[in-house]
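Q: just the structure for this:
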Amino acid sequence: MDPDPDLGMADAAREMANGSSLLEILERAVQTCVEVIGRCHMAGISVAKSGRVRTLAASSDQLRIIDDLQFQLREGPCFDVLRRESPVTAHDLATDERWPRWGPLVSERTGVHGSMSHRLFTQGDALGALNIYSTEPGGFEQKDLVQGYVLAAHAAVAVANNRQVRELNQALASRTVIGQATGIMMERFGLDPNAAFGVLSRLSQTNNVKIATLANDLVQHGWLPPIDRPQPPD
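A: Just a heads-up that it's a prediction; the model follows:
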């Protein structure tokens, strides 16, 4: 009996959510496309930034040929899907009039005919897309489109969560070192917590340095910019 594709996607979603790095999340997403989507023979995740398409994860080295051609010719489904929210599909790239140069070259060099692209994420000025390809003419069925959409959604959520966790950890680390620096200021100058933090804040503004950077310098090296000795509270 063939494995249940819904179970495969559920397992992949859990693995993507638990990915320890962005690369692991994206690699798992493209491998799942090949495993779960019936007509998928290769899949990749690309990012477009500053007018350039770059492959972040790929199930096949041929994906890099496909993306390189899109960049060189400035046409292809990855470019198109980044400008719209709905998927971009093609039944036969060899004859698709939307990409008269890219499509025939891709079919000739890689044997790919069908394609399906989903916009994946927006991060600053970088836009990501999940691109799924088939060597069979005729494109993808509706169920394939739905499965691609679901996998793209799971991957986008996993990427967002991964970024949020990283930012949260950075914030917690900054908060810890600021607390340590405040304690040093209290001991060194006989200040209460509010006054000690106030001195750090003023030094940060005066020297145009982030307070976390200033606090880290104090904790690690005992260094502060020149300051007038703060007066302890009455």
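
Q: can I see the domain layout of this structure?
A: Recorded structural domains for the chain (assignment: automatic domain parsing) are 5-156, 167-221.

Q: need the mean per-residue confidence for the first one.
A: Spelled out, it's domain 5-156. Mean pLDDT, domain 5-156: 82.

Q: hmm, back to that, mind putting the domains of the chain in CSV, mean neighbour count included?
A: Glycine gets a C-beta too; all of them are placed from N, C-alpha and C. Below are those laid out as CSV (neighbours: other C-beta atoms under 10 Å):
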stretch, mean neighbour count
domain 5-156, 19
domain 167-221, 15
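
Q: tell me the contacts of the residue nearest to I211 when sequence neighbours are not counted?
A: Spatial nearest neighbour of I211, chain neighbours left out: S204 (4.1 Å); criterion: C-beta to C-beta, 6 or more residues apart in numbering. Taking C-beta atoms under 8 Å, 6 or more residues apart in numbering, we find S204 in contact with K210, I211, L214.

Q: a helix runs through S204, doesn't it?
A: Yes. Judged by DSSP: H, G, I helix; E, B strand; the rest coil, S204 forms part of a helix.

Q: mind giving me the packing neighbours of the top helix by length along the chain?
A: Among the segments of the chain that qualify as a helix by DSSP state H, the longest is helix 142-189. With contacts defined as 3 or more C-beta pairs under 8 Å, 6 or more residues apart in numbering; DSSP states H and E, helix 142-189 has these neighbours: helix 5-17, helix 22-36, strand 114-123, strand 126-134, helix 193-207, helix 211-221.

Q: out of these, flag the one nearest L63.
A: Closest to L63 of these is strand 126-134 (C-beta to C-beta; 7.5 Å).

Q: sheet partners, orientation included, of that closest one?
A: For strand 126-134, the paired strands and their directions (DSSP bridges) read strand 42-49 (antiparallel), strand 114-123 (antiparallel).

Q: and the angle from the first one to helix 142-189?
A: Strand 42-49 and helix 142-189 meet at an angle of 50 degrees, taking axes from the mean of the first three to the mean of the last three C-alpha atoms, to 10 degrees as the criterion.

Q: swap in the last one?
A: Following the same axes, to 10 degrees, one obtains 20 degrees for the angle between strand 114-123 and helix 142-189.

Q: please identify which helix or strand holds L56.
A: Using DSSP states H and E, L56 sits in strand 52-58.

Q: let me see the contact set for the spatially closest residue to G183 that is not a sequence neighbour.
A: Spatial nearest neighbour of G183, excluding adjacent residues (C-beta to C-beta, 6+ apart): A196 at 7.7 Å. Contacts for A196 were tallied using C-beta under 8 Å, 6+ apart; they are T182, G183, M185, M186, F189.

Q: that's all I had, so thanks and see you.
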